[in-house]
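*Asks:* Model the following, please.
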Amino acid sequence: MVPGSNTLLRYQKLVDELNAHNHRYHSLDAPVVSDAEYDRLMLELQEIELEYPELRNEDSPTQRVGSLPLSQFSQVTHELPMRSLSNGFSDEDIENFDKRLHKQLELDESQIFDYVAEPKLDGLAVSIFYEEGRLKHAATRGDGKVGEDVTENVRTIRSIPLSLPSGAPRRLEVRGEVFMSHAGFAKLNQDQEEKDKKAFVNPRNAAAGSLRQLDSRLTAQRPLSIFIYAVGVIDDPDFSSSHFEMLQRLKQFGFPVCPIIEQVRGASGCLGYFSKLSELRAKLDYEIDGIVYKLDDLALQQQAGFIAKAPRWALAHKFPAQELTTTVNEIDVQVGRTGAITPVARLEPVFVGGVTVSNVTLHNHSEIQRLGVRVGDTVVVRRAGDVIPQIVSVVEEKRQSNSIAYDFPTECPVCSSVIAVEGDGVIARCTGGLICAAQRKQAIKHFVSRKAMDIDGMGDRIVDMLVDQKMIANVADIYKLDQEQILQLEGFAEKSSEKLLASINASKQTELARLLYALGISQVGETTAEQLATSFGSIDAVIGSNVETLEALPDIGPIVANAIVGFFADQNNLAVIESLFDLGVSYTPVSVVYKDDQDLPLVGKIFVLTGSLDSMARGEAKKQLQALGAKVTGSVSKNTSFVVVGHDAGSKAVKAATLNVPTLDEAALLAILES
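*Replies:* Down below sits the predicted model:
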């Protein structure tokens, strides 16, 4: 089955969002979504990959853990990957986990497994490596393969042994969670306040930030703790036969192990432990956000193995989110860097889940309608996961007579451009993409990017400086820059400024598809921009098109068509486009050979390109095929019409043979294009 364009767009958006969330959580310690929202996005991605497995690649968040390490730290490659854990949320999830293990190990369910149940600590995962009984190095999880070297900081944690007693394995890697107790966290924030410094938001952020101090002397002043929960590399195959026994031996070597870990029997034992810890949770002196169940028998663990990102023999059982009630004082909107209009509820501050919550995003107009929330309402607030709160419901019996229904704005509060609503109110965007101050930096960075106007040397940092110093306010201003202005920027001298100006001038002569893509029209990616260019031939024709004309084109539906019409209906955007042409920007004319798309000779044909071609780049071949009506996709399926095989073709050629899909060499492709 070939995924549609909307599925492809949604898939790529999920990949980008989850990778960004991974980076913020694992590398920057600054998450912006709750665990529950992250889990929802991950589940949606997994469902798409299950239906379209050809989309999955090594960059997918389902195939990796965390994100890249920070550049300030040297890097440590993990000899064995530090994998993440799959999640469960209900009793049924735990029972299914137990059943899957029996099936995978080909054992009858009458054979009850022993599990080790451990509190899931809310901290930062680390690996600590010992050689000849001495602590050699320590590293964060990083991306699961490469972590940050935090050896000197880990050495400051008093509960970690720097040397091991005789009898310890020659090479031993232990893994655990660095965290901060409630008492330590309170003391740290008291010290911060006395020094007129900013207080930490929660113990997890405090622990992660403390471990990542570049000056280990500062780390030594922080009340960090650790519990060891696993072994990685070990050169003693007879060290233990069970996970629980392994933890007991580690305790004998001086490692801190959580004292409330228990051995339990079967799924019912796991659920009993979960119930007990749910009641005990509030009395613990450290944050936990769930329970981890691990198959106790290490031989069975080895036999069960791993999926891409997690062991099959372990599962994290998440606690339900915490909830409290408060009042909605106001609702207003924020304008994001891409023009997304997001309503935000301003709340009477409430302390929930360990933090004070005063602002909650309402996501979109549809969410406001679904909740039925009004200004003045009493609402239930849940701090799902550990970071981002959400409004769960309205307490209607407490609604006051003077509560006010919220009217979603029709104009952008920043630039007064029209707000376009897509898909039943799910997405609202400011249409003033080229002039809106909230979108300014993002619009310019997109405009100069390699696949757009390709202005070499104008990276994110340069754009930030140009905007911050008020040298440019929109994309047309790029072509007004002179050498005197550029020399004012940090890091520029005569030669580098000349080089940047040359790159700006070179970008003036471009292709219509590149220019359309560079404008940053919502929903218009490279493929749609190419479709518009080959279908209309000029930007004036695109500007003059209507929704009906656009929807008649392949792969353009009502959402995309309305986004295009809305963008060009904004007079501010048209003024910037006119300025671009006045300043010398031009494009190569495009010949529109077929006015009726159904007359295109390759309509209905699906091509896949693999390997390199002698006569042209693959991108050029793709453009020519699309101009003749073909669809060009990145994966081979039974619906593929032809696979074009160039030099050094990879697995796509093999898959074509497996599925009996016809293949074409370069000569055959050229014959089709020329005919």
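
*Asks:* burial measure for residue 439, as a count.
*Replies:* By the other C-beta atoms under 10 Å criterion, the neighbourhood of residue 439 contains 27 residues. All C-beta spots, glycine's among them, are computed from the backbone N, C-alpha and C.

*Asks:* Have a look at the chain and report its longest strand.
*Replies:* strand 322-335 (DSSP state E).

*Asks:* distance between stretch 550-558 and the chain's centre?
*Replies:* Relative to the mean C-alpha coordinate of its chain, stretch 550-558 is positioned 29 Å out (C-alpha atoms, centre = their mean, to the nearest Å).

*Asks:* circling back to that earlier point, now for the longest strand of the chain, which elements pack on it?
*Replies:* If contacts are counted by 3 or more C-beta pairs under 8 Å, 6 or more residues apart in numbering; DSSP states H and E, strand 322-335 sits against strand 341-352, strand 378-383.

*Asks:* Just give the strands next to it in its sheet, each with its orientation.
*Replies:* Sheet partners assigned to strand 322-335 using DSSP bridges are listed as strand 341-352 (antiparallel), strand 378-383 (antiparallel).

*Asks:* thinking again about what came up before, indicate which one of the helices and strands packed on strand 322-335 is closest to residue 419.
*Replies:* Residue 419 sits nearest to strand 341-352 of all the helices and strands packed on strand 322-335, at 5.6 Å, using C-beta to C-beta.

*Asks:* got the contact list for stretch 179-194?
*Replies:* By C-beta atoms under 8 Å, 6 or more residues apart in numbering, the surrounding residues in contact with stretch 179-194 are 121-124, 198-200, 202-204, 206-207, 210, 222-227, 285-287.

*Asks:* So which of these are in helices?
*Replies:* Among the contacts of stretch 179-194, the members found in helices (DSSP state H) are 203, 204, 206, 207, 210.

*Asks:* tally of neighbours for the last one?
*Replies:* Okay, so that is residue 210. The local packing of residue 210 (other C-beta under 10 Å) involves 24 other residues.

*Asks:* What does the pLDDT read for it?
*Replies:* Per-residue confidence for residue 210 comes out at a pLDDT of 90.

*Asks:* any idea how far the closest residue to it other than its chain neighbours is from residue 78?
*Replies:* Taking C-beta to C-beta, 6 or more residues apart in numbering as the measure, residue 210 lies nearest to residue 222, with 3.8 Å between them; neighbours along the chain are not counted. Using C-beta to C-beta, to the nearest Å, one gets 25 Å for the distance from residue 222 to residue 78.

*Asks:* What's opposite the residue nearest to residue 284 when sequence neighbours are not counted in the beta bridge?
*Replies:* For residue 284, ignoring the flanking residues on the chain, the nearest one in space by C-beta to C-beta, 6+ apart is residue 119 at 7.5 Å. Following DSSP bridges, residue 119 is listed with bridge partners residue 291.

*Asks:* Test my guess that residue 130 contacts residue 172.
*Replies:* Yes - at 4.6 Å, residue 130 and residue 172 qualify as touching, with contact defined as C-beta atoms under 8 Å.

*Asks:* where does residue 317 land in three-state SS?
*Replies:* strand (DSSP: H, G, I helix; E, B strand; the rest coil).

*Asks:* All set, thanks.
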